[in-house]
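Visitor: sequence first, then the predicted structure, then my questions.
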4 protein chains.
Amino acid sequence: MEKASEIEQEVIEIRRDFHAHPELGWLEMRTSALIAERLSELGYKVITGKKVCKEGTRMGVPDQKELDAHFHEIITKEKDNRSFSITEEMKEGYTGVIGILPCGQGPELVFRFDIDALPIKETAKESHVPVQKGFRSQYDGIMHACGHDCHAAIGLGVAKILTEVKKDLHGTIKLIFQPAEEGTRGASGIVEAGHLDNTDYFVAAHVSSPYEGMDTEWIPGSFGALATTKYTMIFTGKSAHAGRAPEDGRNAVLAAAHAAIGVTGISRHSEGMSRVNVGSIHGGTGRNIVADKAILTMEVRGETTKINEYMSKRACEVCKAAAAMEGCSCKIIKDGYAPSQISDDKLVSRIAYLVNREYPAYTIKEPLQVKNLDSEDVGFMMNQVQKQGGEATYMRFITNMKAPQHTSKFDVDEEVLKKGIVIFSAIAAEILGGLTQ
Amino acid sequence: MEKASEIEQEVIEIRRDFHAHPELGWLEMRTSALIAERLSELGYKVITGKKVCKEGTRMGVPDQKELDAHFHEIITKEKDNRSFSITEEMKEGYTGVIGILPCGQGPELVFRFDIDALPIKETAKESHVPVQKGFRSQYDGIMHACGHDCHAAIGLGVAKILTEVKKDLHGTIKLIFQPAEEGTRGASGIVEAGHLDNTDYFVAAHVSSPYEGMDTEWIPGSFGALATTKYTMIFTGKSAHAGRAPEDGRNAVLAAAHAAIGVTGISRHSEGMSRVNVGSIHGGTGRNIVADKAILTMEVRGETTKINEYMSKRACEVCKAAAAMEGCSCKIIKDGYAPSQISDDKLVSRIAYLVNREYPAYTIKEPLQVKNLDSEDVGFMMNQVQKQGGEATYMRFITNMKAPQHTSKFDVDEEVLKKGIVIFSAIAAEILGGLTQ
Amino acid sequence: MEKASEIEQEVIEIRRDFHAHPELGWLEMRTSALIAERLSELGYKVITGKKVCKEGTRMGVPDQKELDAHFHEIITKEKDNRSFSITEEMKEGYTGVIGILPCGQGPELVFRFDIDALPIKETAKESHVPVQKGFRSQYDGIMHACGHDCHAAIGLGVAKILTEVKKDLHGTIKLIFQPAEEGTRGASGIVEAGHLDNTDYFVAAHVSSPYEGMDTEWIPGSFGALATTKYTMIFTGKSAHAGRAPEDGRNAVLAAAHAAIGVTGISRHSEGMSRVNVGSIHGGTGRNIVADKAILTMEVRGETTKINEYMSKRACEVCKAAAAMEGCSCKIIKDGYAPSQISDDKLVSRIAYLVNREYPAYTIKEPLQVKNLDSEDVGFMMNQVQKQGGEATYMRFITNMKAPQHTSKFDVDEEVLKKGIVIFSAIAAEILGGLTQ
Amino acid sequence: MEKASEIEQEVIEIRRDFHAHPELGWLEMRTSALIAERLSELGYKVITGKKVCKEGTRMGVPDQKELDAHFHEIITKEKDNRSFSITEEMKEGYTGVIGILPCGQGPELVFRFDIDALPIKETAKESHVPVQKGFRSQYDGIMHACGHDCHAAIGLGVAKILTEVKKDLHGTIKLIFQPAEEGTRGASGIVEAGHLDNTDYFVAAHVSSPYEGMDTEWIPGSFGALATTKYTMIFTGKSAHAGRAPEDGRNAVLAAAHAAIGVTGISRHSEGMSRVNVGSIHGGTGRNIVADKAILTMEVRGETTKINEYMSKRACEVCKAAAAMEGCSCKIIKDGYAPSQISDDKLVSRIAYLVNREYPAYTIKEPLQVKNLDSEDVGFMMNQVQKQGGEATYMRFITNMKAPQHTSKFDVDEEVLKKGIVIFSAIAAEILGGLTQ
């Protein structure tokens, strides 16, 4: 706790810097470069670029033009010409950083922090704290509206503290700063690269608003989460003049419309909740042209991985057939995927007991686990660890939010940073302390 | 004209008998038996049964159960146990009759009369002439609401007169009493059996209500008609309990609904008018069961055969794909088909001139041809004749109707019978008279 | 147990008689007459006709023509001209019987037995026990395929036993023989008539196939059940000839198709499971006529009454708007409704303990309650009782079925009859025994 | 002809300047300024700004931001700082110019030239003549791909010649340089401003590719054209998180999809051809957000104004109802409208005879009029003139095109400029020559 207090101000500065420079998934070049730099300074073995996410496994990567444009924006907007070691691989969208701190013999403990932002324009109102204090987003239309700036800052705070207590730890610390959590695109590539293959304990966390009826500072576990798959469906038809030769056209806008309606009506699964949403539709050009192109972005979700797979399979069938109805074709792009997840009761209880004992200021009330109705690709990592016999949990750090996540006035109480650092550090001390296990 | 007057009363009786005993397409057993009997008496060579429509070519034939039920109804309802020579083949739905009158060397002249009725319940109101005069339909739910009873009666009247003037004719007379014109199901099988292969002149006619702005007794030709194809689309899915296991079902009702909407939206052809109509939809059983069966009846039409073929092709594609959207299959049954048609100007003018000269009472005004927005499978026969260099026309006999065709109060002025007989007979005398050609 | 054994054969005969004469909801004339007769003989106060279900509250009643036809069938098919006191009110569809046995001061205990059958044609295969033993359905297309014949027979068995132990009971017994459970149409009218207004304890039961992994003879409670609403949606447009004047038509088939697809795509509720099913669609006549009438039967369900109401509201909105899309109107008929339900833990445990102690042969394994994914209008009664502070439960009697419920080969092991009688009777003895409470 | 040859090179330069600076409808600021300047120099009375199109009558005007951006682009891209008198009203989108040349007593003769370009990116290939000769579009994504640059240049050529022959003319010449013909947005406002209220003769023309089987240099008239209405349909729903609270959302993307499918299926009119096309659809943001906004651009067309009105009415009904299906609202914006049109036979023949006689090099073959399957808002002007008893025609100047109109490689043979000037000038000489009428 003392150590956390010492670095609290520094971590707040880091968080504000990240907040002012939010980067979308696979574009976290500046963020990754700064994290890598910091971890290096602290003595971590640092992994970046193609070694973080296996080539060919990243989903929903922006095209190179967008990648270049963002790099250009970073350079242009950086005050004082502060320099970064943004690598060539980062410029290609290979973002994310892994820091490893070997502490001798013992279990491998992985902490995961996600680092990407959202395509939301941050409010410019004076009442908004980041405006008052001068750390509002400098990148127009991009915002850390989900709190990943805090996660990244907590991760760097934890990184520092762990180096200070290194001598008391026995095992391996691995800090994963994951790109592209939004859209559930980044985790699977890290798993596929093998970074979780020897993990004994895995802990991740998210800032969260208070739960109704639960006066608690944090929650050590969660279960459920909806498994999800994200798609882009590209419908291609044939353009024609709508007045002169409509019979020559094959209307991609209509194909996409049939698909949107069709997927929404997929018969639901009796074993639990499911979701389907067509988030956007874009197609066609001139009013008098039969459209030859239309694009849907959509997602399905399921209370279990099985239900999600049922929804996915049907969604793909419907889109293919809807295209055929209009004589069009449909290309299916899988942009993201996350399974459902369950925290291990044993690990949850152990962490709860530990923090209760060591830091009673961080009140915790039953239940120790909450149901998660969002989707999170942390499930990939948790499932991988559990498959090998390891234990995993996904915690919540409660903080008062000014507005809901994913909205333009979202803001947190920065006290959550210290809380996060304290709890993560305590877990490391407990798990690698060599005594209690 | 005199001869026609002599037999007018007899023909009226025949028409009333047909009207009282209306028979749907392929069920014209009683009608066919009576026509065959009459033509035999008059000395015609008579063709019935499988020799009329080639086996395997009939579209939309009722199943044997329905055929048997109708035969039973005929027997049951016939007053005085009047006997018919309804043949075994007729009982299988091989209805229709062809009568041939060889008159020596000369061209082959074909007259076509259609004989089937409609599934409409005839009104029982006292104001309806068939009720007043006692010849309302005795078969419940079936009615001669399109005037084919008149066509058949005219055909028998013409048959009689031609035998009386046979010595003045040079060539061959062929009278085709066609089954199943409704639904455009009967003509193609007759053509495929070869009955139009040596035809030089072809004439058919339909009773018609007066055309707006045209004070005319008859019209010697028509052009256009919409080519059409009739379909039954059978969607098969998989039933399941809608509460307990909806994911196991594949909903045929939804497949049919997507198909109905999809075909209605087929992009129209720039070269002319088209139509598409889903006439009926039936599917599903219990409210809590995912339906495994649904049936659409539909039709497409086109101003030209080419447009109709475009519409047909797209309709079939749409139905197949709509089935696939719901994981169902679609069986396509073609129930009827008719091409578009054009009367020959030369024949039309010749007939117009002839009737004008011989029977000036039958006023005729320009234009000599009218556009036909209905569909008629007579086009099959006309096209076949014209393909071989013959001439063909499709005439209109104008009559005041009490209500529109295909409605329950439809009725004609019986004067149209004499008019029809006079004009057909005059045409035979002109074409086979051996002088003017 | 002994008493039950004594009457077992008699109850089997009753069940087989009901099985051979299955009657659809609101048509249970013969069944009601026999039940009323039997209860009278046993000395119960008997309520029938309009006093059972309040006038104006019955949902989904067949029209009088259907009612008359069924009465005619009963009379026609009854062997030996066995006579029934089918009352005039029963002939109007006021079926159902309530028997009251006053046993002095004490609580009111209600048992409910449902008595209606399903529109399913019973198999005629020799392997089917009712065929072998001569009690296959004599009413074509109607079948007791859900076991309500057993429920009614158990009810009459319980009725007899209770009269024999009457002296030991303190309170009021009310046996409700409910009509029209299928389609969830009958219960609400009985509640609205006030029959549950003074009830302290309420018990109902259903025969059930074994639950996976649970080797148990019966289950004393259930929770959940999906709340449900049943609808008939009638779309009215305007007919027109599809070739000559399609613009004059307003296509009810298309309106129904849009509605079917639209309701299927209602956005689901985050608080729990929901269902929607369009069970059937019927519309249109001739292929060349724009259809002016189409009918959908559909149902929605929800894990809670709130979710079901959300689904209902949206379904009605969608159908109205779908009609408007095609210039049609939509009439909404509510054919059935059932809320969700929860058995009282306290009553469930009490019954479980009791049967365990008295009749250990009737094995019972945890859990004492099972989740109910069906819909049942018993919820109306249970909710009413619980609202007033009473306790209610809905039990399962396990029996090996030859085929699933609602299928043509469904059959039960008749041992379930004795089991049901024993358990119901034991409950009465416990609740009105005056000692244990 | 000689005069036309003299100015041919000058007109080619004008056309190339317009081609290099294409401007979309209501943005023709530079074009209008140059035309106004030129007409002034030639001595015409010039009308610009709000006097051209009546305020409140312009359809589909870009918002002021877009207007400003275009003005900025003009200024920025103009070489040599060439100055224009772009007025404040033009900057508000009041483009278009009318030039009046009073020539004493006599009829009023109106020529109309349209001046706007299309949102198409011109090819940069070397084979494209405008690339070779250096007059490719300088405004990215905008292109004169329909030949209106030629029309405007022809108009200025004609303007010059008429001043030279002014002394031989008797009456009033009015040259209308119409904005926003694409999307059929500009003509009605000019009519509503009264500029056609005293017109005796009206002539317009379009460059055209050769007609199949017709070896003709030009065609003096056209008939038909499809009446059309252009719409933007804005669907507004309610956004919600698709995972956490889908029931709170009202999905505008689905509303738009239902609308797109619904309008495509509007039952067609029996009196003639019709069209409907949903050209584009855009809606929604994030994949996990229920979309609260979606926009369709669409158009309907009809062979007659009546058919178009039927289609328009139904399209609006469908969109309103489709919105209601999803609990959304629909705002309907009418972006353009054009009636059908018919050239006057008498005027067509007179012009044909005249050109044949005077300029036999300009071959003309029967038919004198061609059917027009496009839509053109010139119909507004023609109908207005004809309503008052005047005569109107819409001509075609045939030219070999390198690629179809509305495509990126479209280009004309510049000889068409001289041909156009000759024919328009001849018509003026004929009509106002004071001799033949």
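Guide: Done, it's in. What you see is a predicted model, and the numbers here were worked out from it, not measured in a lab.

Visitor: CA atoms for contacts and neighbours, from now on please.
Guide: Fine.

Visitor: how near is the residue of the stretch 101-250 of chain A found nearest chain C to chain B?
Guide: Using Cα to the nearest Cα, the single residue of the stretch 101-250 of chain A nearest to chain C is A:Leu226, 11.5 Å away. Note on A:Leu226: its distance to chain B, by Cα to the nearest Cα, to the nearest Å, is 18 Å.

Visitor: next: A:Lys402.
Guide: Remark: distance between A:Lys402 and chain B (Cα to the nearest Cα) = 41 Å.

Visitor: which residues touch the closest residue to A:Phe71 other than its chain neighbours?
Guide: In this structure, A:Phe71 finds its nearest non-sequential neighbour in A:Lys91, 7.0 Å apart by Cα to Cα, 6 or more residues apart in numbering or on different chains. Going by Cα atoms under 8 Å, 6 or more residues apart in numbering or on different chains, A:Lys91 touches A:27, A:29, A:67-68, A:71.

Visitor: mind checking pLDDT for the residue of the stretch 101-250 of chain A closest to chain C?
Guide: A:Leu226 is assigned a pLDDT of 83 by the prediction.

Visitor: isn't it right up against A:Lys371?
Guide: No. Checked against Cα atoms under 8 Å, the pair A:Leu226 and A:Lys371 is beyond contact range at 9.8 Å.

Visitor: looking at these two, which one has more neighbours?
Guide: Neighbour count, other Cα atoms under 10 Å in any protein chain shown: between A:Leu226 and A:Lys371, A:Leu226 has more, with 31 against 13.

Visitor: give the contact list for A:Asp335.
Guide: Counted by Cα under 8 Å, 6+ apart, A:Asp335 has contacts A:59-60, A:183, A:185, A:229-232.

Visitor: change it to 6 Å
Guide: A:59-60, A:230-231 (Cα atoms under 6 Å, 6 or more residues apart in numbering or on different chains).

Visitor: how about the secondary structure of it?
Guide: Under DSSP: H, G, I helix; E, B strand; the rest coil, the three-state class of A:Asp335 is strand.

Visitor: show the pLDDT at it.
Guide: At A:Asp335, the pLDDT value in this model is 89.

Visitor: for A:Gly434, same thing?
Guide: 61.

Visitor: likewise A:Met273?
Guide: pLDDT, A:Met273: 86.

Visitor: burial of it, as a residue count?
Guide: A:Met273 has 22 nearby residues by other Cα under 10 Å.

Visitor: quick one, what contacts the residue lying closest to it once chain neighbours are set aside?
Guide: Among residues not flanking A:Met273 along the chain, A:Glu303 sits closest, at 5.2 Å (Cα to Cα, 6+ apart). Going by Cα under 6 Å, 6+ apart, A:Glu303 touches A:226, A:272-273.

Visitor: next, the buried residues of the helix or strand where A:Ile154 lies.
Guide: Using DSSP states H and E, A:Ile154 sits in helix A:148-164. The neighbour-count check on helix A:148-164 (16 or more other Cα atoms under 10 Å in any protein chain shown) flags A:148-162 as buried.

Visitor: list of residues touching that helix?
Guide: With Cα under 6 Å, 6+ apart, helix A:148-164 has contacts from A:11, A:14-15, A:18-19, A:113-115, A:417, A:421.

Visitor: rerun at 8 Å
Guide: By Cα under 8 Å, 6+ apart, helix A:148-164 touches A:3-4, A:7-8, A:11-12, A:14-16, A:18-19, A:22, A:35, A:38-39, A:42-43, A:101, A:112-117, A:175, A:177, A:205-207, A:417-418, A:420-422, A:424-425, A:428.

Visitor: gap between that helix and the chain center?
Guide: Helix A:148-164 sits 17 Å away from the centroid of its parent chain (Cα atoms, centre = their mean, to the nearest Å).

Visitor: what does stretch A:104-118 give?
Guide: Relative to its chain's centre, stretch A:104-118 lies at 13 Å (Cα atoms, centre = their mean).

Visitor: CA atoms of it as CSV?
Guide: Written as CSV, here are the backbone C-alpha positions of stretch A:104-118 (Å, rounded to 0.1, in the frame of the first residue of the first chain):
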residue,chain,number,x,y,z
GLY,A,104,13.6,-17.9,-10.1
GLN,A,105,11.9,-21.2,-9.7
GLY,A,106,8.1,-21.2,-9.2
PRO,A,107,4.8,-20.9,-10.9
GLU,A,108,4.1,-18.6,-13.9
LEU,A,109,1.7,-15.8,-13.0
VAL,A,110,0.2,-13.8,-15.8
PHE,A,111,-1.5,-10.4,-15.5
ARG,A,112,-3.3,-9.1,-18.5
PHE,A,113,-4.0,-5.4,-19.2
ASP,A,114,-5.8,-4.2,-22.3
ILE,A,115,-4.8,-1.0,-23.9
ASP,A,116,-7.0,0.1,-26.8
ALA,A,117,-9.5,2.9,-27.1
LEU,A,118,-12.9,3.4,-28.9
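
Visitor: buried set for it?
Guide: Across stretch A:104-118, burial judged by 16+ other Cα under 10 Å covers A:106-118.

Visitor: looks to me like A:Ser280 is in a strand.
Guide: Yes. Under three-state DSSP, A:Ser280 sits within a strand.

Visitor: what's near enough to touch it?
Guide: A:295-298, D:253, D:282-287, D:291.

Visitor: next: A:Gly286.
Guide: D:279-280.

Visitor: what bridges to A:Ser222?
Guide: A:Val370 (DSSP bridges).

Visitor: pretty sure it is touching A:Phe397, no?
Guide: No. In this structure, A:Ser222 is not within contact of A:Phe397 by Cα under 8 Å, at 11.6 Å.

Visitor: neighbours around A:Ala426, how many?
Guide: With other Cα under 10 Å as criterion, A:Ala426 counts 21.

Visitor: tell me the SS of it?
Guide: helix.

Visitor: residue numbers of the stretch 251-400 of chain A in contact with chain D?
Guide: A:253-254, A:256-258, A:260-261, A:275-291, A:297-299, A:301, A:373-375 (Cα under 8 Å from any Cα of the partner chain).

Visitor: and the contacts of A:Ser280 as JSON lines, adding secondary structure and pLDDT?
Guide: Listed next are these as JSON lines, based on DSSP: H, G, I helix; E, B strand; the rest coil; pLDDT from 0 to 100:
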{"residue": "A:Ile295", "secondary structure": "strand", "pLDDT": "97"}
{"residue": "A:Leu296", "secondary structure": "strand", "pLDDT": "96"}
{"residue": "A:Thr297", "secondary structure": "strand", "pLDDT": "96"}
{"residue": "A:Met298", "secondary structure": "strand", "pLDDT": "96"}
{"residue": "D:Val253", "secondary structure": "helix", "pLDDT": "96"}
{"residue": "D:His282", "secondary structure": "strand", "pLDDT": "96"}
{"residue": "D:Gly283", "secondary structure": "strand", "pLDDT": "95"}
{"residue": "D:Gly284", "secondary structure": "strand", "pLDDT": "93"}
{"residue": "D:Thr285", "secondary structure": "coil", "pLDDT": "86"}
{"residue": "D:Gly286", "secondary structure": "coil", "pLDDT": "82"}
{"residue": "D:Arg287", "secondary structure": "coil", "pLDDT": "86"}
{"residue": "D:Ala291", "secondary structure": "coil", "pLDDT": "93"}
